[in-house]
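# Structural data only, the sequence is not supplied:
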């Protein structure tokens, strides 16, 4: 099942249902502008939905301390908008035409509008940070943004690099995904007024879970169905983005030479993509990747031990567990 | 003569020579990263030079109050990097291949690197704002960024719109240029610890001067020589960006029908561009545009009357006067 639909049905989401609903209203209002060329793609992005995973992680991290509601809401909005800004630019860079079952901004309005919409959303993040007025929060988001740029470039530079090592893959997904999820929990801790040590532990939890989450997303790109994911599957294979299942399959598969040749092709037919997916699935690489997911979920769980509030432990534990139990 | 070379030779620059030199060192150090794909284009942008007009305006505005040197330097850096980030994205959007006599990032490294470099520079602006830790400053730069996005889109949307009115032109250059120059002086006032009323007057001065500056830049695109401007002249005509000299020439020229037909062409030959430039020059539109420049310079000068410090008045007055005396 697609992660997006699942996550919202998760028990923990009931804890933060009110916050997430308020977030939608606030985001729509905040991003609205009388300038239609920016308004329409921005609202399109918001309405396309998404898991709101980053705000959810911030809300859950803060919830059972004593959060400053305004600070928390602004931080959650900033996290989601930063994520959206980076997606809309990534779609230009990766030439993606669908995301979450909808045409991308790039596909619907073109590259120019997509670049400007991303810049506009960045600017709105800046506005939120000015409203929050907490340099510690600005610093974390600034650093996350720098890392996300590096991660995206790393991905571009290593396209079709079938020699990519696990370590290179790890650093890339850390930069592209884990650092913003870490920031989400960390900011939740700050806005919640959590003790310093616990804020640190929340960040470490978010980081480990971010790695698990990205590997699991990369697995779904091989094993999932387009109808569930809201985007074409096999996209990574098609675009030449090497992911953990591919790296492992090249080691494990008895037909690794054949797989290697397909992955090395600049232009792949749909038949190539389907064959590559089968070879990866049959190689045991999915199970092996799944073990890495679980390893990082375990790691995330361990950081929860540092937390003093049982409800936070439970909620974040449930979120982590959800990533573990996904079927391959 | 090109504005870039001129400005640096201006008397007032000697007041802030030390600040501008320190700015170069600080910017190079701050933007440097061990990540070469971002490092090289960022350093390329910095080394390509430029007027550093925004930092200069901030330094001059602050100088004769009692500036907090660190805050002022960070604000000046943020202004320049925000400007650079917007230029590098604009070059992708406008498909520009040279700027300041150098190939653009887009031309040298491609669109993908240009998009990511712009995002990286935005992120570095965010980092600076976190260091400054003054929400008033963040808010101003956030709003300026939003307006700059709108201005760029407006420019794109009105390409080849030979019906563009003076009012539409004014709003576009206000968003694209004047608002950041306003912010530059305003931030200078804040970092200088100027009284509130004077900070406001500094901002109003920057705004009016920004309009004058942009009109004068648009005039130079018609009258200047490529060797002086560091970029191809006639670029606005070629790209279909309507500027004040064109708007006025369409009203003033006895051959306005001919000019109208050229400006309306989607693809213009170099012969078309040269003819359009001649028609505009001969129509009296350059002199008429020059009167608008002087009008806004006068307006800028008037705001200087609110300032209490004679040296600030003199320095900013000299800067404004410089824009006035440019020969058409």
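Yep, it's here. Model, not experiment: these values are computed from the prediction.

# where does chain A have low pLDDT?
Applying pLDDT under 70 to chain A flags residues A:1-8, A:227-231, A:325-328.

# hey, where'd the strands end up in it?
Taking DSSP state E as the criterion, chain A carries its strands at A:98-99, A:102-103.

# give the contact list for residue A:247.
In this structure, residue A:247 makes contact with A:164-166, A:169, A:285, judged by C-beta atoms under 8 Å, 6 or more residues apart in numbering or on different chains. Every C-beta, even on glycine, is put in place using the N, C-alpha and C of the backbone.

# Out of those residues, which sit inside helices?
The subset of these located in helices under the criterion DSSP state H comprises A:166, A:169, A:285.

# gap between the first one and chain B?
Relative to chain B, residue A:166 is positioned 20 Å away (C-beta to the nearest C-beta, to the nearest Å).

# residue contacts, that residue?
Going by C-beta under 8 Å, 6+ apart, residue A:166 touches A:244, A:247.

# make it 6 Å
Listed by C-beta atoms under 6 Å, 6 or more residues apart in numbering or on different chains, the contact set of residue A:166 reads residue A:247.

# Name the residues of the longest helix seen in chain A that are buried.
The single longest helix within chain A, with elements called by DSSP H, is helix A:196-223. For helix A:196-223, the neighbour count (16 or more other C-beta atoms under 10 Å in any protein chain shown) marks A:198-199, A:201-223 as buried.

# wait, isn't residue A:289 in contact with residue A:245?
Yes: taking contact to mean C-beta atoms under 6 Å, the distance of 4.8 Å between residue A:289 and residue A:245 places them in contact.

# Common neighbours of these two, please.
Residues touching both residue A:289 and residue A:245 (C-beta under 6 Å, 6+ apart) are residue A:219.

# Neighbour count for those two, which is higher?
It is residue A:245, of residue A:289 and residue A:245, that has more neighbours when counted by other C-beta atoms under 10 Å in any protein chain shown, with 30 against 25.

# distance of that one from chain B?
25 Å.

# List the contacts of that residue.
Contact criterion C-beta under 6 Å, 6+ apart gives A:219, A:222, A:280, A:285-286, A:289 as the residues in contact with residue A:245.

# got those residues as JSON lines, with distance to residue A:13 columns?
Output for the contacts of residue A:245, formatted as JSON lines (distance: C-beta to C-beta, whole Å):
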{"residue": "A:219", "distance to residue A:13": "23"}
{"residue": "A:222", "distance to residue A:13": "27"}
{"residue": "A:280", "distance to residue A:13": "32"}
{"residue": "A:285", "distance to residue A:13": "31"}
{"residue": "A:286", "distance to residue A:13": "27"}
{"residue": "A:289", "distance to residue A:13": "26"}
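
# which one among those residues gets closest to chain B?
Out of those, the one with the shortest distance to chain B is residue A:222. That distance is 25.1 Å, counting by C-beta to the nearest C-beta.

# quick one: the closest one and residue A:279 touch, right?
No: because the distance of 10.1 Å does not satisfy C-beta under 6 Å, residue A:222 is recorded as not touching residue A:279.

# Pull the number of nearby residues for the residue nearest to residue A:78 when sequence neighbours are not counted.
In space, not counting the residues next to it along the chain, residue A:78 is nearest to residue A:128; the distance is 4.3 Å by C-beta to C-beta, 6 or more residues apart in numbering or on different chains. For residue A:128, the count of nearby residues is 23 (other C-beta under 10 Å).

# Residue A:128 and residue A:174, how far apart?
Residue A:128 sits 25 Å away from residue A:174 when distances are taken as C-beta to C-beta, to the nearest Å.

# now do residue A:284
Taking C-beta to C-beta as the measure, residue A:284 falls 25 Å from residue A:174.

# Tell me which of those two has more neighbours.
Between residue A:284 and residue A:174, counted using other C-beta under 10 Å, the more crowded position is residue A:174 (17 against 14).

# before we move on, the earlier item: what is the nearest of the ones in helices among the contacts of residue A:247 to residue B:323?
residue A:169 (53.6 Å; C-beta to C-beta).

# Next up, the contacts around that closest one.
By C-beta under 6 Å, 6+ apart, the contact list for residue A:169 reads residue A:244.

# repeat that with 7 Å
Contacts for residue A:169 were tallied using C-beta atoms under 7 Å, 6 or more residues apart in numbering or on different chains; they are A:242-244, A:247.

# ok, now residue A:148?
If you count contacts by C-beta under 7 Å, 6+ apart, then residue A:148 has A:86, A:175-176, A:179-180 around it.

# before we move on, what about residue A:116?
A:38, B:149, B:152-153.

# Distance of the residue of the stretch 151-300 of chain A found nearest chain B relative to residue B:112?
For the stretch 151-300 of chain A, the residue closest to chain B is residue A:153, as judged by C-beta to the nearest C-beta, at 4.8 Å. For residue A:153, the distance to residue B:112 under the criterion C-beta to C-beta works out to 8 Å.

# got it, and residue A:242?
Between residue A:242 and residue B:112 the distance is 18 Å, computed by C-beta to C-beta.

# what does residue A:313 give?
Computed as C-beta to C-beta, the residue A:313 to residue B:112 distance reads 42 Å.

# which one of the two has more residues nearby?
Remark: of residue A:313 and residue B:112, residue B:112 carries more neighbours, 20 against 17, as counted by other C-beta under 10 Å.

# For residue A:110, see how far away the closest residue in space to the more buried one that isn't next to it in sequence is.
In space, and not counting its chain neighbours, residue B:112 is closest to residue A:93: 4.8 Å by C-beta to C-beta, 6+ apart. Distance, residue A:93 to residue A:110, using C-beta to C-beta: 14 Å.

# Mind listing the shared neighbours of residue A:222 and residue A:279?
With contacts defined as C-beta under 7 Å, 6+ apart, no residue is adjacent to both residue A:222 and residue A:279.

# now the residue with the shortest distance to the centre of chain A, nearest residue through space, not along the chain?
Relative to the mean C-alpha position of chain A, the nearest C-alpha, by C-alpha atoms, centre = their mean, is the one of residue A:177, at 5.0 Å. When the adjacent residues along the chain are set aside, residue A:177 lies closest to residue A:214, with 4.2 Å between them (C-beta to C-beta, 6+ apart).

# How about the contacts made by that neighbour?
Residues A:173, A:177-178 are the ones in contact with residue A:214 under the rule C-beta under 7 Å, 6+ apart.

# hmm, 10 Å instead?
Going by C-beta atoms under 10 Å, 6 or more residues apart in numbering or on different chains, residue A:214 touches A:169-170, A:172-174, A:176-178, A:181, A:243-244, A:293, A:296.

# just residue A:27 next, same as before
Residues in contact with residue A:27, defined by C-beta under 10 Å, 6+ apart, are A:42-43, A:45-46, A:52, A:55, A:73, A:76-77, A:80-81, A:84, A:124.

# Nearest to residue B:268, out of those residues: which one, please.
Distance to residue B:268 across the contacts of residue A:27 (C-beta to C-beta) is lowest for residue A:42, with 34.1 Å.

# That closest one reaches residue A:120, doesn't it?
Yes: with contacts defined as C-beta atoms under 10 Å, residue A:42 counts as touching residue A:120 at a distance of 6.7 Å.

# Mutual contacts of these two, please.
Overlap between the neighbourhoods of residue A:42 and residue A:120 consists of A:31, A:33, A:35, A:81, A:85, A:88, taking contacts as C-beta under 10 Å, 6+ apart.

# if we look at chain B, which of these are close to it?
Restricting the shared contacts of residue A:42 and residue A:120 to those adjacent to chain B (criterion: C-beta under 10 Å from any C-beta of the partner chain) gives A:33, A:35, A:85.
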